[in-house]
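**Q** sequence? don't have it. structure:
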Ligand SMILES: Nc1ncnc2c1ncn2[C@@H]1O[C@H](COP(=O)(O)OP(=O)(O)OP(=O)(O)O)[C@@H](O)[C@H]1O
Ligand SMILES: [Mg+2]
């Protein structure tokens, strides 16, 4: 057998935009990230026809993982139809020749900025989160070198000290989106700026989550069925944003993550942040038969891992 | 040694020192900060270190606090499980565990010892957090306990140290150092820079804590009054070496070395 027969035929363009060498490098980094849950793996972030900060990290992971039989969904803050999501989706579809969808259940790869869909992801699905700041210690330890040493020693006292200070000064945790979590009891991880509502969805999830920061050149992973715990005290617990009293003006849904829409009269309306899910609910009320998956939270706002969230109130 | 029934040797003769360091050396480039310093301290004992500026007193404390590596020397603490371990050659992780759980330090400059942008109570609680405490009520309780033991006004426990007086800052440092009930307390000029009346109050607190907790203490001061008030034994340092050591009375009443005589009899 000759080398020429073993090698792929030469192409002028490579599949999924990135050249094979770049994809191989990314895949090796992804495997390493999966092997060490929550650990930030450095990688050579490539140039893409898109500015850094617009999801290039997530895009590279998606392009390295995608194949012709995949179905891709792209969302930005829950919305399939935002300009950024639409651009990314079009680019991936053109470069990889894949089908796209807005239906979470139909997608095999979901690239997302700042949200996890309301419908539970299942085994075999891949969630790619775009990350602006991968280092969870940035705001307590400005020195990158020291932060790395703290990760190496699993020395996260400073982050708990920060919680202590919040309770002393404001009597409540003030952390919003991107709430730090501990993965597999080992690494402190920034879950990307998802709302606290989405944070528990990473815990013991059936799907694989890959998180990637293109500008900072770091990627990390939460493998399926891995413990992910938001940082909290034994006696003062992590809380998700309360959605109580909010009803989606479009679908009537309750206990889902809502976007607030200010009204001219000063009041507020709420609509579902997850537009793919909202579209399916609307179609069902119009009499269509649509498959809607089980959600992470039930109609009463109870999370599906029943012991996971504490309600202090 | 023979012991007659009913008549034991004094405690200090029978006991092993808690701290035994031999031949400590530390160089900074061309400067030799300390050169062959031996230190030993017993449980419940206060060792004073005096000497002129630049003689290497703070360097000794930094080495004993495991903050910096020694260029030469051995360092043993008589702690369960660690007694025959030279702490200088131990793994960084375990060194840190010992530093957190068994050693407390108060610096002359409060900026070195305190987080100025965190609350005073947080500064104290941090020691417990480092040791793995994750219960908020316990942290509050412990901070309150340690701060009141160092006679800090509790109504100000949630103020930032940067807004406190120098004396109060030293009390926060002391509370932080003692929060985990360490075996060894290191004090680097704890009262320098305080006015005389505040200095006296802080000294009272230190003396009381020393009596109650029976910690092994090393105190550095250029103020012989402080040393006289607290120390059982004294080491005199010069140019990075120990030139004289002995019981406090002995050294202060009957100094042998010319330099020590100068130090003791120097009057303004
Ligand atoms: N980080 C450092 N880098 C370089 N030289 C240092 C460093 N720390 C200390 N030294 C030097 O080591 C010597 C001993 O300093 P050290 O601070 O131990 O003296 P000291 O006895 O505590 O003096 P003082 O009474 O003024 O506090 C000095 O010559 C000092 O300049
Ligand atoms: Mg000094």
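**A** It's in. Owing to the predicted nature of the structure, the values given are computational and were not obtained by experimental measurement. Ligands and ions are numbered 1, 2, ... in the order given.
**Q** okay, CA-based contacts and neighbour counts for the rest of this
**A** Fine.
**Q** who's the residue nearest to the spatial centre of chain A bridged to?
**A** Geometric centre of chain A, nearest residue: residue A:129, 3.6 Å, by C-alpha atoms, centre = their mean. Beta bridges link residue A:129 to residue A:112, residue A:211 when assigned by DSSP bridges.
**Q** just residue A:271 next, same as before
**A** Beta-bridge partners, per DSSP bridges, of residue A:271: residue A:259.
**Q** quick one, what contacts it?
**A** A:247-251, A:258-261 (C-alpha atoms under 8 Å, 6 or more residues apart in numbering or on different chains).
**Q** and which of those is nearest to residue A:229?
**A** residue A:258 (23.4 Å; C-alpha to C-alpha).
**Q** and the residue lying closest to that closest one once chain neighbours are set aside, how many residues sit next to it?
**A** Sequence neighbours aside, residue A:272 is the residue nearest to residue A:258 in space, at 4.6 Å (criterion: C-alpha to C-alpha, 6 or more residues apart in numbering or on different chains). By other C-alpha atoms under 10 Å in any protein chain shown, the residues close to residue A:272 number 27.
**Q** So for residue A:272, what pLDDT did the model give?
**A** Listed pLDDT for residue A:272 reads 97.
**Q** Would you agree it is in contact with residue A:252?
**A** No: with contacts counted by C-alpha atoms under 8 Å, residue A:272 stays clear of residue A:252, the gap being 9.2 Å.
**Q** In space, not sequence, find me the middle residue of chain B.
**A** residue B:186 (1.1 Å).
**Q** ok now do that residue, which residues does it touch?
**A** Residue B:186 neighbours (C-alpha under 8 Å, 6+ apart): B:61, B:65, B:103-106, B:217-219.
**Q** Is it possible to mark the buried ones in the contacts of residue A:271?
**A** If you count burial by 16 or more other C-alpha atoms under 10 Å in any protein chain shown, the buried members of the contacts of residue A:271 come out as A:247-248, A:251, A:258-259.
**Q** Kindly report the residues of chain A close to chain B.
**A** Chain A has residues A:153, A:155, A:157-158, A:160-161, A:164-165, A:168-169, A:233-236 near chain B, with proximity defined as C-alpha under 8 Å from any C-alpha of the partner chain.
**Q** May I see the buried ones among the contacts of residue A:271 organised as a markdown table, with distance to ligand 1 and pLDDT added?
**A** A markdown table is the format used below for those (distance: C-alpha to the nearest ligand atom, whole Å; pLDDT from 0 to 100):
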| residue | distance to ligand 1 | pLDDT |
| --- | --- | --- |
| A:247 | 62 | 96 |
| A:248 | 62 | 96 |
| A:251 | 66 | 95 |
| A:258 | 55 | 96 |
| A:259 | 54 | 95 |
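**Q** Residue A:283: neighbour count?
**A** 13.
**Q** Would you mind measuring from it to residue A:139?
**A** 44 Å (C-alpha to C-alpha, to the nearest Å).
**Q** And residue A:191, by the same measure?
**A** For residue A:191, the distance to residue A:139 - C-alpha to C-alpha - is 15 Å.
**Q** and the two? which has more neighbours close in?
**A** Taking neighbours as other C-alpha under 10 Å, residue A:191 and residue A:139 compare with residue A:191 leading, 35 against 10.
**Q** Leaving out the residues flanking it, which one is nearest to the more buried one?
**A** Using C-alpha to C-alpha, 6+ apart, the closest residue to residue A:191 is residue A:178 (5.5 Å).
**Q** rewinding a little: and the residues of chain A next to chain B, which two are furthest apart?
**A** So, those by C-alpha to C-alpha: farthest apart are A:153 and A:169, at 28.7 Å.
**Q** And stretch B:128-146, how far out from the chain middle?
**A** 22 Å (C-alpha atoms, centre = their mean, to the nearest Å).
**Q** circling back: could you flag which of the contacts of residue B:186 are buried?
**A** B:61, B:65, B:103-106, B:217-219.
**Q** Looking at the residues you listed, which are in helices?
**A** residue B:61 (DSSP state H).
**Q** Which secondary structure element is home to the closest residue to ligand 1 within the stretch 51-200 of chain A?
**A** Closest approach between the stretch 51-200 of chain A and ligand 1, counting by C-alpha to the nearest ligand atom: residue A:146, at 18.4 Å. Per DSSP states H and E: residue A:146 is located in helix A:144-152.
**Q** what packs against the lengthiest helix in chain A?
**A** Secondary structure of chain A per DSSP H: the longest helix is helix A:20-35. If you count contacts as 3 or more C-alpha pairs under 8 Å, 6 or more residues apart in numbering or on different chains; DSSP states H and E, helix A:20-35 packs onto strand A:41-42, helix A:56-65, strand A:218-222.
**Q** 7 Å instead?
**A** helix A:56-65, strand A:218-222 (3 or more C-alpha pairs under 7 Å, 6 or more residues apart in numbering or on different chains; DSSP states H and E).
**Q** Buried residues, stretch A:75-93. List them.
**A** Here stretch A:75-93 shows A:75-81, A:84-86, A:88-89, A:91-93 as buried, counting by 16+ other C-alpha under 10 Å.
**Q** Roughly how far does residue A:186 sit from residue A:30?
**A** 18 Å.
**Q** who's more crowded, these two?
**A** The residue with more neighbours, out of residue A:186 and residue A:30, is residue A:30; 23 against 19, by other C-alpha under 10 Å.
**Q** Give me the pLDDT value at that one.
**A** 98.
**Q** so what's whichever residue of the stretch 51-200 of chain A sits closest to chain B up against?
**A** Using C-alpha to the nearest C-alpha, residue A:157 is the residue of the stretch 51-200 of chain A that sits closest to chain B, at 5.2 Å. Residues in contact with residue A:157 (C-alpha atoms under 7 Å, 6 or more residues apart in numbering or on different chains) are B:129-130.
**Q** repeat that for 8 Å
**A** With C-alpha under 8 Å, 6+ apart, residue A:157 has these contacts: B:126, B:129-130.
**Q** Leaving out chain neighbours, which residue sits closest to residue B:240?
**A** residue B:34 (3.8 Å).
**Q** Near chain A, which residues of chain B are found?
**A** B:93, B:118-119, B:122, B:125-126, B:129-130, B:134-137, B:158.
**Q** Among these, pick out the one closest to ligand 1, please.
**A** Looking across these and measuring by C-alpha to the nearest ligand atom, the closest to ligand 1 is residue B:93, at 22.5 Å.
**Q** and the closest one, what does it touch?
**A** Taking C-alpha under 8 Å, 6+ apart, we find residue B:93 in contact with residue A:153.
**Q** Could you check the angle the helix or strand where it lies makes with helix A:144-152?
**A** Using DSSP H and E, residue B:93 sits within helix B:92-102. Angle, helix B:92-102 to helix A:144-152, by axes from the mean of the first three to the mean of the last three C-alpha atoms, to 10 degrees: 80 degrees.
**Q** For helix B:92-102, give the mean pLDDT please.
**A** 93.
**Q** ok, now stretch A:286-305?
**A** Here the average pLDDT along stretch A:286-305 is 95.
**Q** picking that back up, and the helix holding residue B:93, which residues are buried?
**A** For helix B:92-102, by 16+ other C-alpha under 10 Å, it's B:95-96, B:98-102.
**Q** how far is it from where the chain is centred?
**A** 16 Å.
**Q** List, one by one, the residues from chain B near ligand 1.
**A** B:28, B:33, B:52-59 (C-alpha under 6 Å from any ligand atom).
**Q** Is it correct that residue A:298 is in contact with residue A:253?
**A** No: counting by C-alpha under 8 Å, residue A:298 stays clear of residue A:253, with 10.7 Å between them.
**Q** neighbour-wise, which of the two wins?
**A** Legend: neighbour count by other C-alpha under 10 Å for residue A:298 and residue A:253, higher for residue A:253 (18 against 13).
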